[in-house]
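In: Provided below for reference: sequence and predicted model.
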Amino acid sequence: MFSTTLMALLGASICVAQMSTQPANLESLVDEALAANPSLSALQKRIATFEKRLPYAGAPPDPMMRFSLVNVPGVSLDFGRTPMSGKQISLMQTLPFPGTLREKTTAAKEVVSAAESRLLDHRLQITRLVKVAYYDLAFYDQAIDITRENETVVRSIAERALARYEAGSGRQHDVLQAGVSLSLLSNRVTGFETSRRLAVVRLNGLLGRAPDGNLEIQVNVHVQDVTLSIDDLLAVAEHNSKTLRELTHQIREWEARERVAQKTGLPTLTLSVAYRQRNAVPGDPAVGDDFLSAGIGLNLPVFRGRKQSARAAEARATVQWLQARFEEERQRLGTELQRIVVELQLHQSEQELFIEQVLPQTEQALRSARSAYEADLVDFSTLQNAQSTWLDAELMRFHHAVAHAKLLAELEATVGISLQDQFVQRPVDGGRP
């Protein structure tokens with residue numbers, strides 16, 4: 001029984017370990033970030049705070065009850081000495097000008113809607129940041145692999161150079177230069193590994209994980225054409241931009257606040273009713289009957305210019321400021337979309353250039369340099385330059401693919417929706433000489 005339980009626990013721990021080390025894909029990382037990112041949780045709690053204001057935002061003022069001792073002689077406190085003495089209880093209720101409470105509720109609802117739009121925009125930004133970090137990791141993983149492959153090739157060439165030198169047919173300069181090349185490649189790998197570690201720390205922060213945790217990903221990078229024109233993208237962005245939507249709700253909020261300020265400067269009714277209990281006093285015409293009173297009052301907004309009108313002017317100025325920000329954001333959207341589209345076209349053309357021309361040429365040059373070096377027709381520096389040129393070309397090819405993918409993530413965050421159904425995939429993989 002004990003051995004069976006122990007084997008089950010060991011099997012479960014092995015499964016958990018396998019799951020924890022399984023490389024993650026982009027979709028799972030985005031889902032995890034949207035579920036666990038601490039800044040998103042903070043915004044959600046902020047929205048919950050705003051929602052708690054809704055029940056009391058448009059609530060009327062509380063009624064007021066007063067208990068009074070009325071017309072009591074100050075010497076004896078005897079309620080039976082005068083017919084006007086008595087104990088009185090009063091109720092008063094203030095009624096704001098019609099529509100005031102409704103506008104306060106409207107303003108509170110717009111605050112909630114603006115915060116919800118801010119949350120949606122932050123979700124888009126978190127998604128973009130996760131994708132950028134993922135593509136950075138993909139680049140560094142690929143760069144490390146390519147550089148290590150290159151390091152293996154150079155080490156093999158260095159060993160042959162050393163064998164030639166020991167046999168008396170090679171040059172010491174080639175041996176020394178091979179050692180320098182290996183050191184430089186090792187240093188480049190170290191730089192890529194450090195950059196990768198920083199990208200992992202950044203991505204762990206977005207995922208709500210411990211910053212020192214390791215992270216392996218499934219490298220999947222594609223160059224994709226965008227089928228929408230710049231005008232179509234701008235129309236989509238203006239309709240779906242969460243920032244524009246947030247500003248719209250803020251404008252509506254302050255328009256409602258302006259109406260509230262205007263209405264509070266109008267007369268406000270106060271209704272009152274009172275009941276007075278009296279004692280029977282000789283000579284009282286009412287023979288001790290209790291009194292009932294009712295009244296109505298109006299506030300006098302004599303300081304309206306310094307209070308309500310000033311608040312309305314402040315709200316109006318805030319609306320104008322938010323409208324200016326709205327137009328500024330619309331202009332920024334157009335500028336950003338134009339920049340993104342231009343850079344997308346640049347990286348796409350550069351990536352195609354490297355795949356179709358640069359890489360085949362550098363591979364051919366590298367093969368030629370290897371053959372010539374084996375035949376002792378060129379020195380080691382020629383081979384080293386060809387090897388370095390191919391390495392740089394391969395890294396640049398993948399760099400343009402990654403930069404293109406990061407721009408697509410930025411494009412989706414800018415327009416406010418996913419554009420995956422508007423993308424046409426292109427090949428990315430290059431060759432190996």
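Out: Ah, there it is. Numbering: from 1, shown residues only.
In: Number of residues surrounding the closest residue to Gln338 other than its chain neighbours?
Out: In space, and not counting its chain neighbours, Gln338 is closest to Ile230: 6.3 Å by CB to CB, 6 or more residues apart in numbering. Placement of C-beta: from N, CA and C, glycine included. A count of nearby residues for Ile230, using other CB atoms under 10 Å, gives 14.
In: Show me which positions of stretch 204-215 end up buried.
Out: Asn204, Gly205, Leu206, Leu207, Arg209, Leu215 (16 or more other CB atoms under 10 Å).
In: Let me see the residues that make contact with it.
Out: 24, 29, 32-33, 36-38, 126, 129-130, 133, 137, 200-201, 203 (CB atoms under 8 Å, 6 or more residues apart in numbering).
In: and if you look at stretch 300-309?
Out: Residues contacting stretch 300-309 (CB under 8 Å, 6+ apart): Ala261, Gln262, Thr264, Gly265, Leu266, Pro267.
In: where's the fifth one, which helix or strand?
Out: When secondary structure is defined using DSSP states H and E, no element contains Leu266, which sits outside every helix and strand.
In: Run a quick neighbour tally on the residue lying closest to it once chain neighbours are set aside.
Out: Excluding its sequence neighbours, the residue lying closest to Leu266 (CB to CB, 6+ apart) is Phe97, at 4.4 Å. Phe97 has 16 neighbouring residues, counting by other CB under 10 Å.
In: Can you spell out the domain ranges of the protein, please?
Out: Under the assignment automatic domain parsing, the domains of the chain span 29-60+96-266+301-426, 63-95+268-300.
In: how far does the longest one sit from the chain's center?
Out: Average the C-alpha atoms of domain 29-60+96-266+301-426, do the same for its chain, and the two points are 11 Å apart (CA atoms, centre = their mean, to the nearest Å).
In: returning to that earlier point: which of the domains of the chain has the lowest average pLDDT?
Out: Among the domains of the chain, domain 63-95+268-300 carries the lowest mean pLDDT, at a mean of 83.
In: what residue is smack in the middle of the protein?
Out: Nearest residue to the geometric centre of the chain (CA atoms, centre = their mean): His122, 2.4 Å.
In: Now do the same contact list for that residue.
Out: Ser39, Leu40, Leu43.
In: May I see the ChimeraX selection of the buried members of the residues you listed?
Out: Filtering these down to the buried ones (16+ other CB under 10 Å) takes a single ChimeraX command:
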select :40,43
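In: Tell me which of the contacts of His122 fall in helices.
Out: Ser39, Leu40, Leu43 (DSSP state H).
In: Please verify my assumption that the first one contacts Leu129.
Out: No. Distance between Ser39 and Leu129: 10.4 Å, which falls outside the contact criterion (CB atoms under 8 Å).
In: Could you single out the nearest of the buried residues of stretch 204-215 to Val154?
Out: Leu215 (29.5 Å; CB to CB).
In: quick one, phi psi at that closest one?
Out: Phi and psi for Leu215, reported as degrees, to the nearest 10, are phi -150, psi 120.
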